[in-house]
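Participant: sequence? don't have it. structure:
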C-alpha cells in the first residue's frame, strides 16, 4: 500500500510539475495580449497613403484646367470691341495680358483654393485696366466725332458744288444755247471765262457780243457752274505763268549743261502757249500777252536764241522736233509768223549745216537769197555756217557776196574778215 501511495505521490508531483511548467509558460503568451502583430494594423502603414490620396489631390488642384477658368483671353476680347484700336488701347491690352501671365505663374498650391485666388487676381488686373480702357474709349469716341464732323462737312461742300450744276451739264447747256442760235464751243466758253476772270463778266460779254435782249441768264449760270468745276486751266494759272516766263528769260547760265536745261524749260512753256492758242482758237498772241503779261514775240525770240545755242550739239531728231514745232507756231499765230518766220528759216539752215545736212541748209539759204532784197545778213550767216566746217567754201560764199554787197551794208566788214582768213 505504501508503494502505491508513493507511486500516487510521484504522479501527483509530476502533474504538479507539469502544471508549474504550464504556469511558467504564461509570460510567453503575454505578447499575444500586447498584440504586437495587431499594432501595425492599427498604424495602418498601407492605409495611410490611401488617406493622403496623393493621386487624388492633383485632381482637386486641376492646375491645367485653372487657366481656362481665369479666362485670360477675356480682357483682350473686351478691348477688341473698339471700332478703331489705338495705341492706348493696345497698351491696355498688353497690361491685362501681363497681369494674367503673372496670375498663371502664381498658381496656388493644393491646400489653397485656386478659384478664389485667381478670381481675385483677375479682378485686380481688370480694375487696373479699367482706367486705360476708359481713356481708350474716350479717345476713340473723340476720333469718331472728328471723323463724323469731317465726313459731314465734305459731303456738304460737294453737295453745294453739285447743286449748281444739278439741272444739266456743260454739254447740255451748250445744246440749249445752240437752240437759241448762240453757237459757242466748250473751249470758247472757257476762253471767255479766262478773259473776263469771273462768271458774271463772262456772261455779260456773251450778251454784249450776241446782242441779246431780255435774256435768261440761268442757262449760262448753270453752264459755267459746271465748266468751272471741270476745266484744268484758270485765269490764276496764267498769272502764275508770268513769273515763270520772266524767270526763264532772265536766268543766267555758265555752262552748256545749264544752257541745255534752260532750252528745255523755254521749250516746255513755248509748247504750253501753243497748246492754249490751239485750244482757244487764237490766231494771234494778243490774248496770251494780256493773260500772262508777257510779250510773246520777245519770249519766242528768246526760245530761238537758246535753240541756236544748244541744238548744234544735240541729236538730229531734236533738230527735226524744233523744225516741226516752229512751223506749227508760225501757222497758229500770224503775228509770230510775220516777226519770226525769216529768223526761223535762217536759224534752221544754220543748224542743219552744223549737223551735216548740207543740201538742206544750202537750199534754204539759196531760197532766202532769192526772196529777200537785203542780202548782206543772209550771205554773212551762210558763210559763217561753214567757217568751222569748210573754210574754203565759207570764203567762196563771202567773195560771192561782194557782187551785191558793198561798204554801205552793215555786214560787209564781217564778210571781208571771212574772205581774208
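Facilitator: That came through, no problem. Not measured: the values here are computed from a predicted model.
Participant: hey, let's count contacts and neighbours off CA atoms from now on
Facilitator: Noted.
Participant: pretty sure residue 297 contacts residue 337?
Facilitator: No: with contacts counted by Cα atoms under 8 Å, residue 297 stays clear of residue 337, the gap being 9.7 Å.
Participant: between the two, who's got more neighbours?
Facilitator: The neighbour comparison of residue 297 against residue 337 (other Cα atoms under 10 Å) goes to residue 337, with 20 against 16.
Participant: residue contacts, the residue nearest to the more buried one when sequence neighbours are not counted?
Facilitator: Nearest non-adjacent residue to residue 337, counting by Cα to Cα, 6 or more residues apart in numbering: residue 330, 4.2 Å away. Residue 330 is in contact with 336-337, 340-341, counting by Cα atoms under 8 Å, 6 or more residues apart in numbering.
Participant: of the residues you listed, which is the nearest to residue 303?
Facilitator: residue 340 (11.3 Å; Cα to Cα).
Participant: can you tell me the SS state at the closest one?
Facilitator: helix (DSSP: H, G, I helix; E, B strand; the rest coil).
Participant: which element is residue 344 on?
Facilitator: For residue 344, the host element (DSSP states H and E) is helix 334-354.
Participant: give me the residues contacting that helix.
Facilitator: Taking Cα under 8 Å, 6+ apart as the rule, helix 334-354 contacts 283-285, 296-297, 301, 304, 308, 311-312, 319, 323, 326, 329-331, 358, 360-362, 364-365, 368, 378, 381-382, 385-386, 389.
Participant: in helices only, show me those.
Facilitator: Members of those lying in helices (criterion: DSSP state H): 296-297, 301, 304, 308, 319, 323, 326, 329-331, 358, 360-362, 364-365, 368, 378, 381-382, 385.
Participant: let me see the domain layout of this structure.
Facilitator: By the assignment in automatic domain parsing, the chain contains the domains 1-42, 69-152, 170-230, 235-372.
Participant: weakest of the ones you listed in terms of mean pLDDT?
Facilitator: Mean pLDDT per stretch puts domain 69-152 lowest among the domains of the chain, at a mean of 48.
Participant: which residues sit in contact with residue 292?
Facilitator: Going by Cα under 8 Å, 6+ apart, residue 292 touches 238-242.
Participant: rerun at 7 Å
Facilitator: The contact partners of residue 292, by Cα atoms under 7 Å, 6 or more residues apart in numbering, come to 238-239, 241-242.
Participant: any idea how far residue 327 is from residue 175?
Facilitator: Using Cα to Cα, to the nearest Å, residue 327 is found at 36 Å from residue 175.
Participant: how far away is the spatially closest residue to residue 242 that is not a sequence neighbour from residue 282?
Facilitator: Using Cα to Cα, 6+ apart and skipping residues adjacent in sequence, the residue nearest residue 242 is residue 292, 5.0 Å away. Between residue 292 and residue 282 the computed distance is 14 Å (Cα to Cα).
Participant: equivalent analysis for residue 222, please.
Facilitator: In this view, residue 222 and residue 282 are 26 Å apart by Cα to Cα.
Participant: need the contacts of residue 330 in a markdown table (columns: distance to residue 347).
Facilitator: A markdown table is the format used below for the contacts of residue 330 (distance: Cα to Cα, whole Å):
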| residue | distance to residue 347 |
| --- | --- |
| 336 | 15 |
| 337 | 14 |
| 340 | 10 |
| 341 | 10 |
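Participant: just give me the closest of the residues you listed to residue 193.
Facilitator: Using Cα to Cα, residue 336 comes nearest to residue 193 of the contacts of residue 330, at 24.8 Å.
Participant: relative to residue 243, how far out is the closest one?
Facilitator: Using Cα to Cα, we find residue 336 at a distance of 22 Å from residue 243.
Participant: quick one: which of the two has more around it?
Facilitator: Set residue 336 next to residue 243 and count neighbours by other Cα under 10 Å: residue 336 wins out with 21 against 13.
Participant: so what's the residue count around the closest residue to residue 387 other than its chain neighbours?
Facilitator: Excluding the flanking residues, the one nearest residue 387 by Cα to Cα, 6+ apart is residue 394, at 5.4 Å. When neighbours are defined as other Cα under 10 Å, residue 394 has 25 of them.
Participant: cool, the one 4 residues further on as well?
Facilitator: Other residues near residue 398 come to 27 when the count uses other Cα under 10 Å.
Participant: residue contacts, it?
Facilitator: Applying Cα under 7 Å, 6+ apart, we find residue 398 in contact with 379, 383, 415, 418-419.
Participant: possible to save those residues as TSV with neighbour count, distance to residue 255 and pLDDT?
Facilitator: Output for the contacts of residue 398, formatted as TSV (neighbours: other Cα atoms under 10 Å; distance: Cα to Cα, whole Å; pLDDT from 0 to 100):
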residue	neighbour count	distance to residue 255	pLDDT
379	27	30	97
383	27	27	97
415	27	30	97
418	20	28	97
419	21	32	96
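Participant: possible to save those as CSV with distance to residue 350?
Facilitator: Shown next, in CSV, are the contacts of residue 398 (distance: Cα to Cα, whole Å):
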residue, distance to residue 350
379, 12
383, 10
415, 16
418, 16
419, 19
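Participant: report the buried residues of stretch 281-288.
Facilitator: 282, 284-285, 287-288 (16 or more other Cα atoms under 10 Å).
Participant: check stretch 243-253 too.
Facilitator: Neighbour counts over stretch 243-253 (16+ other Cα under 10 Å) mark 245, 248 as buried.
Participant: check stretch 229-236 too.
Facilitator: By 16+ other Cα under 10 Å, the buried positions in stretch 229-236 come out as residue 235.
Participant: how far does it stretch from start to finish?
Facilitator: Chord length of stretch 229-236, first to last residue, is 14 Å (Cα to Cα).
Participant: do stretch 225-243 as well
Facilitator: From its first residue to its last, stretch 225-243 covers 29 Å (Cα to Cα).
Participant: which residues are in contact with it?
Facilitator: Outside stretch 225-243, the residues within contact range by Cα under 7 Å, 6+ apart are 164-165, 169-170, 194, 197, 291-294.
Participant: stretch 267-283 too?
Facilitator: 187-188, 191, 303, 329, 332-334.
Participant: which among those residues end up buried?
Facilitator: Buried by 16+ other Cα under 10 Å: 187, 191, 303, 329, 332-334, out of the contacts of stretch 267-283.
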